[in-house]
Structure formats: C-alpha cells, structure tokens
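Novice: coords please:
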Amino acid sequence: MDPFFCMRDVLSRAMERKGMLAAFAAGFLACTVLGAVFVNTPAGYDYHLRFAEKFLDRVCFSERNVILIFFERTAGHALLLALVLLGGIHIAALSVSVAVLFYRACTFGGSLVIFFTVYRMTGVLVVFTLYLPVHLLIDCILILAAALSCARAKRFRFCAGDVSLLLRDYLVLLALAATICLAEMILLLALFHPLGGIV
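Specialist: Numbering: from 1, shown residues only. Down below sits the predicted model:
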C-alpha cells in the first residue's frame, strides 16, 4: 500500500473534523494557561520543577547517546498516541484521550513558567530552540488523533476493517511523531550535545 496515500487519507479524515480540531485546540490552550497559573501551588511547583530538570538533564545536556534519546522520546510519544487513539474504541473511552491532552497541556504551561523563571536565559534558549516547537508539533499530532477518535467512537466495531483502519491511523501518526523526534535529535546534536554524543 502506498504510504503517501495512507498519510493523505489519515490527515484528510482528521482535517474534515474542523469543529473537533478547533474544540481540542481551544481546550488545549485553556489547560496550558491553567497549568501556568497554578504552577505556583506547592505540589504543582515541585512537580513542574522536577519535570523541567529531567528534560534538561536527560535530554538537553545529557551525555547519553542522542540515538538512545531519540528512541526513548519516540517510545514515550508512541504510548501517548496509542492512548489517544484507543479512546476511539468506545464513547466512554474518549475520556482517556481528553485526559492525555489535559495532562500534556497542563505540564506544558507549568514547564514554560519554570523554564523562564528558574533557568532564565538557559531556559529561554531551550524553550525556543527545542522544547516549544517539538512539544507543539507532537501536540498537533495528538489533537489530530483525538479528532479521529471522536469520529470513530460511535461506530467502532471490533471487526477486521475497523481494527485495520485504527492500526493504520496509529502507524501514520507514529511515523509523523518519529520524524519530529528525529528532527529533535538533530537539533540536540547540533546545539546541545558534543559531536561525540552520537556514538
């Protein structure tokens, strides 16, 4: 099967759900703002501080192999994508898709505040060269996946056709996510890791 046809098919079906995409995007933005507003609560601050420290230590300024980082990041996004798409197997399961996006948005907003207020110029550099573009691109993929899940939730049946279509959606969106992670790996190698970080 033509992979480009599959990609066009998946993206076109997602883009047909403009209302859902707009609703998820608006909800994501609102949750991002909430995450930024409530980051100064004791539990929220500590959580987001650990999250930002982990990103800096294990991704940006790690001495680990960037290829290993690529596979770790891709696997993490693959899990989130699977959870969002599995929300489409039943209307009740859509709560899982919404929860994943809510979590992503809240941690995104809170982490931005931490990067800017705690890490200052280093945080600004990391945010605008790596964290912000990669995060938003992955979020776009997850929002597309959520729209597809909403579209199939009412009519999904555990038959070969529906399962095959679900799997195809997953593989196409995962390929897009992996491409973004590959671009992230290249940025890491170019901006943050020494040349020896690839071996």
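Novice: how about the longest helix along the chain: buried residues?
Specialist: In the chain, with assignment by DSSP state H, the single longest helix is helix 160-187. Residues 165-166, 169-170, 172-174, 176-178, 180-181, 184-185, 187 are the ones in helix 160-187 that count as buried (16 or more other Cβ atoms under 10 Å). In short, each C-beta sits where N, CA and C put it, glycine included.
Novice: quick one: low-confidence parts of this protein?
Specialist: 1-3, 194-199 (pLDDT under 70).
Novice: where do the helices sit along it?
Specialist: Counting by DSSP H, the chain has helices at residues 3-15, 18-37, 42-55, 66-86, 94-118, 120-126, 132-153, 160-187.
Novice: can you check which of those gets nearest to H193?
Specialist: The closest of the helices of the chain to H193 is helix 66-86. By Cβ to Cβ, the value is 5.5 Å.
Novice: name the helices or strands packed onto that closest one?
Specialist: helix 94-118, helix 132-153, helix 160-187 (3 or more Cβ pairs under 8 Å, 6 or more residues apart in numbering; DSSP states H and E).
Novice: got the CA coordinates for that helix in PDB?
Specialist: Once non-C-alpha atoms are left out, helix 66-86 reads as follows in PDB (Å, rounded to 0.1, in the frame of the first residue of the first chain):
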ATOM      1  CA  VAL A  66      21.400  11.000  21.200                       C
ATOM      2  CA  ILE A  67      20.100   8.000  19.300                       C
ATOM      3  CA  LEU A  68      19.100   6.400  22.600                       C
ATOM      4  CA  ILE A  69      17.300   9.700  23.500                       C
ATOM      5  CA  PHE A  70      15.500   9.600  20.100                       C
ATOM      6  CA  PHE A  71      14.200   6.100  20.800                       C
ATOM      7  CA  GLU A  72      13.200   6.900  24.300                       C
ATOM      8  CA  ARG A  73      11.300  10.100  23.200                       C
ATOM      9  CA  THR A  74       9.700   8.300  20.300                       C
ATOM     10  CA  ALA A  75       8.500   5.400  22.600                       C
ATOM     11  CA  GLY A  76       7.000   7.900  25.000                       C
ATOM     12  CA  HIS A  77       5.100   9.700  22.300                       C
ATOM     13  CA  ALA A  78       4.000   6.300  20.800                       C
ATOM     14  CA  LEU A  79       2.400   5.400  24.100                       C
ATOM     15  CA  LEU A  80       0.600   8.800  24.400                       C
ATOM     16  CA  LEU A  81      -0.600   8.400  20.800                       C
ATOM     17  CA  ALA A  82      -1.800   4.900  21.400                       C
ATOM     18  CA  LEU A  83      -3.800   6.100  24.500                       C
ATOM     19  CA  VAL A  84      -5.400   8.900  22.500                       C
ATOM     20  CA  LEU A  85      -6.400   6.600  19.500                       C
ATOM     21  CA  LEU A  86      -7.700   3.900  21.800                       C
END
